[in-house]
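**Student:** Need coordinates for the below:
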Amino acid sequence: MADPIVLHPSDTVAILPTRAAAGADPLGLGTPLPRSVAGGHKIARVAMPQGADITKFGQIIGTATAPIAAGDHVHSHNCAFSGHDTNYQIGADLAAAQAAVPTLAPRTFMGFQRPNGQVGTRNYIALCATVNCSATVIRRAAFELENEGALDAFPNVDGVTAFAHGTGCGMASSGRGFEMLDRVLWGHATHPNVGAAVFVGLGCEVMQVARMQQNAGADGGERFHFLTIQDTGGTRATIDAIKAKVLELLPLANQSTRTPCPASALKLALQCGGSDGYSGLTANPALGFASDLLVGLGGTVVLSETPEIFGAEQLLLRRAADPAQAQRLIDCITWWEEYTTMNGGSMDNNPSPGNKQGGLTTILEKSLGAVAKAGSTPLTAFYDYAEQITQPGFVFMDTPGYDPVSATGQIAGGAQVLCFTTGRGSAFGSKPAPTIKLATNDALFAAMPDDMDINCGDILSQGISITQKGADILDKVLAVASGETTKSEALGLGDNEFVPWQVGAVM
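**Tutor:** As a prediction, this is how the structure comes out:
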């Protein structure tokens, strides 16, 4: 078998690149394994007493709950969640992060140039429900239009997509939860990948259609349209009215065509789901290198999933360009600790059972691998959930780790493409921004070929370099931004992954 991988000289564990059989001695320490251990899992490099810190990536990932002999399997049976480094040194690595921004010749993609200066990678008509009560009518209208072939004569329109959700009423009419839903709905309607939007409400809900009309102002024009079920005459009449409005909008939306656009216009959302012990070795660092390349081209990369940077936030803070933005991230971490405690949980409720089967033991370990997606460049800004992203470079948005909720916030903020790394396998897609899925290992890529766009497992199996794979990922991002269909798009995924983050009392 290949030699175990040591990520940092100070690490007390090494990672098995492939399964080790019972009786094997992967580190040659004279301590054969009593049972087989799957690839991606950890083996102790040194003996550790009970209570000792266990380190990987040069950082603490947990505490030994029992004495661990050199050569032992290290996992949930002898490693537990613990404290981590909170001696934050804001900006300590900023100079190195600035030096990590590559100088590159400009690149372009074929995108949709919007009149307001936005640049899209897709061209959708969006149906936006302001409340769960109007979810059925927009879904039914989109379904009937597709089945009737209404889009067949409009090749420049990628589809009619229904953004339906389960909230919009039974909530406070002000406060953070209301503001986040407002930002999500408006962010999707005004997204660069949306040519026109129709808002549909019931009529008596908390999140009123009038709120969206207020957002649109006098400049709503031909792009935004509004109706309610109560004023239109009921469910069937509203479905028909939505369809009629879309048929009016299709010729206008079809006038948009792809033209060369600078890569600097791209905002790339970074996601991981179904992570495993390979995630931090292959797909995540490769995506991190691609992120650095896009930043070097003047673009934006958006890291999120706040519970999945917990324990690694100090690495991001060390390359923060603005102390005020760094403090927002620190305050956000504190909020999450209080939020999980208030609800009877722990930050270590993540990782999931599947993550643990794949070799990840604690959230500290998972986070250290997850932040690799963000590369090495300066952290330039912090955004609340679904806020509009205006600062180029590497930025952070506060979201849950739950992928549909997280991606919904990133897309509402303006991300036009999403890269999603997975080791266990994920059936995820998103609209209106397409998702590119990256497999962390060869076995997954072979097992789910219809779901995975890129195999990063060959970094270990074939010796492909992180830099080469990162360059390949950037090429794929630009190709998809130019209209290439992703695997998740071909499968029709994305309608059910629109899930706004619901915060606050449900009343």
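**Student:** so where is the chain shaky, pLDDT-wise?
**Tutor:** 1, 218-221 (pLDDT under 70).
**Student:** Would you map out the domains in it?
**Tutor:** The chain breaks down by automatic domain parsing into domains covering 1-80, 94-101+264-496, 112-259.
**Student:** surely Pro192 meets Arg114?
**Tutor:** Yes. Pro192 is in contact with Arg114 according to Cβ atoms under 8 Å; the separation is 6.1 Å. For every residue, glycine as well, the C-beta is placed using N, CA and C.
**Student:** Can you tell me the element His225 falls in?
**Tutor:** His225 is part of strand 224-228, with elements assigned from DSSP states H and E.
**Student:** For that strand, name the packing helices and strands.
**Tutor:** Counting contacts by 3 or more Cβ pairs under 8 Å, 6 or more residues apart in numbering; DSSP states H and E, strand 224-228 is packed against strand 194-201, helix 209-216, helix 235-254.
**Student:** and the ones you listed, which is most packed in?
**Tutor:** Mean neighbour count (mean count of other Cβ atoms under 10 Å) peaks for strand 194-201 among these, with a mean of 26.
**Student:** Provide the contact partners of stretch 323-340 at residue level.
**Tutor:** 88, 90-91, 306-307, 310, 313, 316-317, 320, 346-347, 349, 379-382, 396, 398 (Cβ atoms under 8 Å, 6 or more residues apart in numbering).
**Student:** Strands - which of those residues land there?
**Tutor:** Cross-referencing these against strands under DSSP state E gives Leu379, Thr380, Ala381, Phe382, Phe396.
**Student:** Comparing Pro192 and Arg114, which residue is more hemmed in?
**Tutor:** The neighbour comparison of Pro192 against Arg114 (other Cβ atoms under 10 Å) goes to Pro192, with 25 against 18.
**Student:** coming back round to it: whichever of the contacts of stretch 323-340 end up buried, select them in ChimeraX.
**Tutor:** Entered in ChimeraX, the line below selects the buried ones among the contacts of stretch 323-340, by 16 or more other Cβ atoms under 10 Å:
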select :88,90,91,306,307,310,313,316,317,320,347,379,380,381,382,396,398
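**Student:** Tell me which of the contacts of stretch 323-340 fall in helices.
**Tutor:** Judged by DSSP state H, helices contain the following of those: Glu313, Leu316, Leu317.
**Student:** now the first one: how far from Phe382?
**Tutor:** What that stands for is Glu313. With distances taken as Cβ to Cβ, to the nearest Å, Glu313 is found 11 Å from Phe382.
**Student:** any idea how far Ala372 is from Leu151?
**Tutor:** Taken as Cβ to Cβ, the span from Leu151 to Ala372 is 40 Å.
**Student:** between these two, which one's more packed in?
**Tutor:** Neighbour comparison, Leu151 and Ala372: the larger count goes to Ala372, with 27 against 18 (by other Cβ under 10 Å).
**Student:** ok, that one - contacts?
**Tutor:** Ala372 makes contact with Gly280, Asn284, Pro285, Leu287, Gly288, according to Cβ under 8 Å, 6+ apart.
**Student:** how about 7 Å then?
**Tutor:** The neighbours of Ala372, taking Cβ atoms under 7 Å, 6 or more residues apart in numbering as the test, are Gly280, Asn284, Pro285, Gly288.
**Student:** same check, this time on Gly299
**Tutor:** Ala263, Ser264, Leu266, Lys267, Leu268, Pro392 are the contacts of Gly299 under Cβ under 7 Å, 6+ apart.
**Student:** Can you tell me which of these is nearest Lys366?
**Tutor:** Lys366 has its nearest neighbour among the contacts of Gly299 in Leu268, at 21.4 Å by Cβ to Cβ.
**Student:** Could you list everything the closest residue to the closest one other than its chain neighbours pairs with in the sheet?
**Tutor:** Nearest residue to Leu268 in three dimensions, chain neighbours excluded: Val301, at 5.0 Å (Cβ to Cβ, 6 or more residues apart in numbering). Per DSSP bridges, the residues bridged to Val301 are Leu268, Phe394.
**Student:** Isn't Val301 up against Phe289?
**Tutor:** No. Using Cβ atoms under 7 Å as the test, Val301 is too far from Phe289 to be in contact (11.3 Å).
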